[in-house]
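Engineer: fold the following and give me the result.
(2 chains)
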Number of protein chains: 2
Amino acid sequence: MSRLVLATRNPGKIAELRRILADAGLPVTLVGLDDFPEIGEIAETGLTFAENALIKAHAVARGSGLPAIADDSGLCVDALNGMPGVFSARWSGRHGDDAANLDLLLAQIGDVPEGRRGGHFACAAALALPSGQERVVEGALEGVIIDAPRGSGGFGYDPIFVPKGETRTTAELSPAEKDAISHRGRAFRALAPVVGELVTTA
Amino acid sequence: MSRLVLATRNPGKIAELRRILADAGLPVTLVGLDDFPEIGEIAETGLTFAENALIKAHAVARGSGLPAIADDSGLCVDALNGMPGVFSARWSGRHGDDAANLDLLLAQIGDVPEGRRGGHFACAAALALPSGQERVVEGALEGVIIDAPRGSGGFGYDPIFVPKGETRTTAELSPAEKDAISHRGRAFRALAPVVGELVTTA
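Structural biologist: Residues are numbered from 1 along each chain as shown, chains lettered A, B, ... in the order given. Modelled structure (predicted):
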């Protein structure tokens, strides 16, 4: 059974991708970065989700000697030309400060009228082989940015994002509901056949 | 001699456009918003410079009964998909807080490597007639965003912007040097023949 690394230390992400690969009937064993303590922090210096996902996937494939999957995602606001985008986690200048990032975004688009507050969550998922071969796919979730946070689930910008066709924010959806429609779920499901093609037959 | 309003209360901007119109040999008298105290604040709700310039020019043409010129400008950073753009003056969420806006921008692009820190100052200049007729032109100044402020001239993002072919920031140029190459100077000079066509023959 082929082994495959997901470039994360987040057990929730590993479990989600395991389910998706199993649903696709792929005979692979997915492990996380905790199995490779020698692989350190990987700088995300790219300016697109695909670029960052590929940087991470190649670094982990090189470091582990195994096929590696990595993802990068963020919120793209139409009125901000698709920003915060790859800067989503450091929009306020403070990396990982979800509250500061969300507050800044709300202040910036405070004057943008209701009909022009569209946006989408985007995710790029990349597969890289130790040989250097690579593939990248994308997933998106369209919606609107509301003007005050609602809900306590999820993370990041979830409390101010209402998916198209929903009335609840992504922070008000159950984890299973969110997985079913999320940008990351969609990108991972799009990547499954690529894993089938490049990894399980390798 | 045709009268024309520039949508500003800034005497420096009025003087600059007067010089440009005179250089173009146009027989017009340019006045500012101080001559029309009945025209209040105009909300800049547009998502492009051209949209905001047109909103302001039409509001002033309606309010004054005279042809009106308005401009909108900002800094467009390539790594941020052209943002802060129309949000330049309120990027930190605090309108007109130049220091906070500049500090935030530097923090956001702190990890962007030197070769990818291009950007431009952009300006849209619009002319609107009381009849509703309108024209809009744009000017730009290409350059790079440096990683620490230099110079005490100008305003806004001038201390972190080095024009292409320069070694000094726009905050280190003399006012005359800046006028000669600035995005606003270029947009106003592009608008002069339009004023000649639509106003002085009207």
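Engineer: can you pull out the helices in chain A?
Structural biologist: Assigned by DSSP state H, chain A shows helices spanning A:11-23, A:49-64, A:98-108, A:175-181, A:183-198.
Engineer: please identify the buried residues of stretch A:178-190?
Structural biologist: Buried residues in stretch A:178-190, counted by 16 or more other Cβ atoms under 10 Å in any protein chain shown: A:178-179, A:181-190. Backbone N, C-alpha and C define where each C-beta goes, glycine included.
Engineer: show me which residues of chain A sit near chain B.
Structural biologist: Proximity of chain A to chain B is confined to A:43-45, A:47, A:79-83, A:85, A:87, A:90-94, A:103-104, A:106-108, A:110-113, A:116 under the rule Cβ under 8 Å from any Cβ of the partner chain.
Engineer: filter the residues you listed to the buried ones?
Structural biologist: For these, a neighbour count by 16+ other Cβ under 10 Å gives the buried set as A:44, A:47, A:79-83, A:85, A:87, A:90-93, A:103-104, A:106, A:108, A:112.
Engineer: which of these fall within strands?
Structural biologist: The members of those that map onto strands under DSSP state E are residue A:83.
Engineer: relative to residue A:98, how far out is the most centrally placed residue in chain A?
Structural biologist: Geometric centre of chain A, nearest residue: residue A:73, 3.6 Å, by Cα atoms, centre = their mean. Per Cβ to Cβ, to the nearest Å, residue A:73 is found 14 Å from residue A:98.
Engineer: thought residue A:126 was touching residue A:138?
Structural biologist: No. Using Cβ atoms under 8 Å, residue A:126 is not in contact with residue A:138, being 9.9 Å away.
Engineer: which neighbours do those two have in common?
Structural biologist: Shared contacts of residue A:126 and residue A:138 (Cβ atoms under 8 Å, 6 or more residues apart in numbering or on different chains): residue A:50.
Engineer: the two: who's more crowded?
Structural biologist: When neighbours are counted by other Cβ atoms under 10 Å in any protein chain shown, residue A:126 and residue A:138 differ, and residue A:126 comes out ahead with 30 against 20.
Engineer: ok, now which ones touch that one?
Structural biologist: Contacts of residue A:126 (Cβ under 8 Å, 6+ apart): A:50, A:53-54, A:56-57, A:69-71, A:134-137.
Engineer: can you flag the buried ones in those residues?
Structural biologist: In these, burial by neighbour count holds for A:50, A:53-54, A:56-57, A:69-71, A:134-137, counting by 16+ other Cβ under 10 Å.
Engineer: so where's chain A uncertain?
Structural biologist: Applying pLDDT under 70 to chain A flags the ranges A:201-202.
Engineer: most remote residue from the middle of it, which is it?
Structural biologist: Computed with Cα atoms, centre = their mean, the residue of chain A farthest from its C-alpha average is residue A:111, at 28.5 Å.
Engineer: so what's that one up against?
Structural biologist: So residue A:111 contacts B:43-45, B:90 (Cβ under 8 Å, 6+ apart).
Engineer: so which of those residues are also by chain A?
Structural biologist: Okay, of these touching chain A (Cβ under 8 Å from any Cβ), that's B:43-45, B:90.
Engineer: what's the local residue count around the closest residue to residue A:118 other than its chain neighbours?
Structural biologist: Spatial nearest neighbour of residue A:118, excluding adjacent residues (Cβ to Cβ, 6 or more residues apart in numbering or on different chains): residue A:78 at 4.5 Å. For residue A:78, the number of neighbouring residues by other Cβ under 10 Å comes to 16.
Engineer: in this structure residue A:78 contacts residue A:115, no?
Structural biologist: No. Counting by Cβ under 8 Å, residue A:78 does not reach residue A:115; the two are 10.8 Å apart.
Engineer: so how far is chain B from residue A:182?
Structural biologist: Residue A:182 sits 23 Å away from chain B, going by Cβ to the nearest Cβ, to the nearest Å.
Engineer: could you do residue A:194 as well?
Structural biologist: 28 Å.
Engineer: ok, the closest residue to residue A:188 other than its chain neighbours - how many residues close by?
Structural biologist: Excluding its sequence neighbours, the residue lying closest to residue A:188 (Cβ to Cβ, 6+ apart) is residue A:20, at 4.8 Å. Counted by other Cβ under 10 Å, the residues lying close to residue A:20 total 21.
Engineer: residues contacting residue A:20?
Structural biologist: If a contact means Cβ under 8 Å, 6+ apart, then residue A:20 has A:185, A:188-189, A:192 as its contacts.
Engineer: ok, back up a step: with the contacts of residue A:111 in mind, which one is nearest to residue B:25?
Structural biologist: Checking those against residue B:25 with Cβ to Cβ, the nearest one is residue B:44 at 32.1 Å.
Engineer: that closest one contacts residue B:55, correct?
Structural biologist: Yes. Between residue B:44 and residue B:55 there is a contact under Cβ under 8 Å: 6.6 Å.
Engineer: what distance do you get for residue A:58 to chain B?
Structural biologist: Separation of residue A:58 from chain B (Cβ to the nearest Cβ): 18 Å.
Engineer: any idea what the closest residue to that residue other than its chain neighbours is bridged to?
Structural biologist: Closest residue to residue A:58 apart from its sequence neighbours, by Cβ to Cβ, 6+ apart: residue A:128 at 4.5 Å. Using DSSP bridges, the beta-bridge partners of residue A:128 come out as residue A:68, residue A:134.
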